[in-house]
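A.B. asks: compute the structure for the input listed below.
(chains A and B)
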Protein chains: 2
Amino acid sequence: MELKNRKIAIAGLGLIGGSLAKAFRKYCGCGVAGFDRDPAVLKAALACGAVTRAGTGRDLRGADLLCLCLYPGAAADFVEKHLGDIRPGCVVTDTCGVKAAVCRRLAPLAERGGFVFVGGHPMAGTEKRGFAASDADLFRGASCVLTPCGAPQSAVDLLKAAAGALGFGRVVLTTPEEHDRRIAFTSQLPHALACAYVMSPQCPRHAGFSGGSYRDVSRVANLNEALWAELFLENRGALVQELDRLTQNLTRIRNAVAAQDAETLRALLRRGRKIKEELRE
Amino acid sequence: MELKNRKIAIAGLGLIGGSLAKAFRKYCGCGVAGFDRDPAVLKAALACGAVTRAGTGRDLRGADLLCLCLYPGAAADFVEKHLGDIRPGCVVTDTCGVKAAVCRRLAPLAERGGFVFVGGHPMAGTEKRGFAASDADLFRGASCVLTPCGAPQSAVDLLKAAAGALGFGRVVLTTPEEHDRRIAFTSQLPHALACAYVMSPQCPRHAGFSGGSYRDVSRVANLNEALWAELFLENRGALVQELDRLTQNLTRIRNAVAAQDAETLRALLRRGRKIKEELRE
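C.D. replies: Purely as a prediction, here's the structure:
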């Protein structure tokens, strides 16, 4: 599918929106109209060629693809505010880390506005944030999750073609609910964990006594608390379940250590090791 | 300090012992006598030049430095078995992940045998194991923790010089007890955590829904359960304390999510973010 002549609009030029803009420019040569509430970010994006235009209502009326790279609530708010401008038939997608809450608000808006909504979640990121950290190659090899919820195949095909062109390694189609259950484990739990981990009074004294395992577990503690609090609360059922499971399993290990029960401890660690080994990734 | 003419003996040619042997050969040009209970490992180490000799009692009688790269209990057992062979004045060190338990057994043996013992813990490793994964550059930039416990300065100086030559980035001197408290947080807790994390029923279905944070938290679940059970049990007081702290902090986050208390949740996540930010590493 030829992407070069497609008109792209991107709302929110943070780490993900900025990286998408740069990737569309670098790999597809598309014109990209960028929206951002911060004029300095827009200026920076224009100056480095990440976007070709500061977005206006006219850009929304002409766009083939609108990417909402905002917090979950803000993404729906943006569409609500610009509903009259979004071209009927336009494919709208988002990049939020929760899908059920976003799809619940976007589906009726899509119906009212006559556009097509396909939820999206690029499984890429870093512990850095903002446009300054954006990178055209952020998505290379990453997974792109899409939740079509009955959208026409042509819209899914457009997003698949874009994902391929931007360097994603795979596209996974699923339901918003299944996405949220899995992401509670793969992404939200590690972020909650990292924050809880660094709260130990031992943490500030780690220097000289730490290697890769400290670095890896603590890395994503450097999160954006406003965004992650919203993501956690929008997926609270699944996240609470994962937190409870983790606490139970940690407690099993804790009790075996406290009881000096070497056999049970080895069996628990062996179970973890075997699960990890069998996954090979 | 010239290391080239020093005679090195290494007991245990696994990941750490094998890497030490290779590093002594590559960076110091020392003769290295290797001991391993597995003849195939010894053969492989000789074949690739990681060691210059299969170790014998004569090598222990001539060694300037003996590195015990074995499990904690096995390290002390090796010294007990070869006590009559270890040259009086020889500097003996180990690479075990716990120090109080090792120093407690080695200190009286050092007195009986007339050698000098300085506990050591290279803060380096990988989730791979065994001689096949050993690498002369494993220690580059890593921290080397030493617990001298009153050993003569000349012995500490020899180990500092060796650490510098082998590529360690820093040497930290501390007590066995302080080492064990810190390591409970920086290394043992992430390993316990990784095992508990992958026990979620969601884990085997992570593919396509995971990025860096899943990969980082789960990485060290691929551990050697016999070794880590021994390390956990030899440091159970400090580890149980860290596990309890982590569980408490996880529960705070969990309760804020379950109660939909956005303000408390943001405050908890902000606290984690600020701790991590201030550490800058």
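
A.B. asks: after the strand ranked longest in chain A comes which helix or strand?
C.D. replies: Longest strand in chain A by number of residues, with DSSP state E as the criterion: strand A:116-122. Per DSSP states H and E, the first helix or strand lying C-terminal to strand A:116-122 is strand A:143-147.

A.B. asks: so which residues make contact with that next one?
C.D. replies: Outside strand A:143-147, the residues that touch it by C-beta atoms under 8 Å, 6 or more residues apart in numbering or on different chains are A:93, A:99, A:103, A:118-123, A:156, A:159-160, A:163, A:168-176, A:179, B:208-211. (Each C-beta comes from the backbone N, C-alpha and C, glycine too.)

A.B. asks: ok and it relative to strand A:116-122, angle-wise?
C.D. replies: On the basis of axes from the mean of the first three to the mean of the last three C-alpha atoms, to 10 degrees, strand A:143-147 is oriented at 150 degrees to strand A:116-122.

A.B. asks: just after strand A:143-147, pick out the following helix or strand.
C.D. replies: helix A:153-166.

A.B. asks: got a ChimeraX select line for the buried ones in the contacts of strand A:143-147?
C.D. replies: Here is the ChimeraX selection string for the buried members of these, based on 16 or more other C-beta atoms under 10 Å in any protein chain shown:
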select /A:93,99,103,118,119,120,121,122,123,156,159,160,163,168,171,172,174,176,179 /B:208,209,210,211
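
A.B. asks: just to revisit the earlier point, show me what the longest strand of chain A is in contact with.
C.D. replies: A:16, A:20, A:67, A:89-97, A:99, A:102-103, A:106-107, A:109-110, A:139, A:142-149, A:151-152, A:155-156, A:159, A:168, A:176, A:179, A:183.

A.B. asks: go on, stretch A:42-56?
C.D. replies: Residues from elsewhere that reach stretch A:42-56 (C-beta under 8 Å, 6+ apart): A:9-11, A:13, A:18, A:21-22, A:25, A:31-36, A:59, A:131-132, A:134.

A.B. asks: which among the residues you listed count as buried?
C.D. replies: Among those, those classed as buried by 16+ other C-beta under 10 Å are A:9-11, A:13, A:18, A:21-22, A:25, A:31-36, A:59, A:131, A:134.

A.B. asks: mind listing which of those are in strands?
C.D. replies: Residues of the buried ones among the contacts of stretch A:42-56 located in strands (DSSP E): A:9-11, A:31-35.

A.B. asks: so which of those residues comes closest to chain B?
C.D. replies: Distance to chain B, by C-beta to the nearest C-beta, is smallest for residue A:10 among those, at 20.6 Å.

A.B. asks: hang on, that closest one packs against residue A:33?
C.D. replies: Yes: under the criterion of C-beta atoms under 8 Å, residue A:10 makes contact with residue A:33 at 7.3 Å.

A.B. asks: how near is residue A:47 to chain B?
C.D. replies: Distance of residue A:47 to chain B, computed by C-beta to the nearest C-beta, to the nearest Å: 28 Å.

A.B. asks: give the contact list for residue A:36.
C.D. replies: Residues near residue A:36 by C-beta under 8 Å, 6+ apart: A:11-13, A:17, A:42, A:45, A:131.

A.B. asks: just residue A:243 next, same as before
C.D. replies: By C-beta under 8 Å, 6+ apart, residue A:243 lies in contact with A:189, A:192, B:250, B:253-254, B:257.

A.B. asks: ok but it is inside a strand, no?
C.D. replies: No: according to DSSP: H, G, I helix; E, B strand; the rest coil, residue A:243 belongs to no strand; its state is helix.

A.B. asks: for it, give me the pLDDT.
C.D. replies: pLDDT, residue A:243: 98.

A.B. asks: likewise residue A:98?
C.D. replies: Looking at residue A:98, its pLDDT reads 97.

A.B. asks: contacts only, for it.
C.D. replies: Applying C-beta under 8 Å, 6+ apart, we find residue A:98 in contact with A:72, A:180, A:183, A:231, A:234-235.

A.B. asks: nearest to chain B among the residues you listed?
C.D. replies: Taking C-beta to the nearest C-beta as the measure, residue A:183 is the one of those closest to chain B, at 6.0 Å.

A.B. asks: just the angle between the helix or strand where that closest one lies and strand A:143-147, please?
C.D. replies: Using DSSP H and E, residue A:183 maps to helix A:176-183. In terms of direction (the same axes, to 10 degrees), helix A:176-183 departs from strand A:143-147 by 150 degrees.

A.B. asks: now for helix A:176-183, which elements pack on it?
C.D. replies: helix A:100-113, strand A:116-122, strand A:143-147, helix A:236-258 (3 or more C-beta pairs under 8 Å, 6 or more residues apart in numbering or on different chains; DSSP states H and E).
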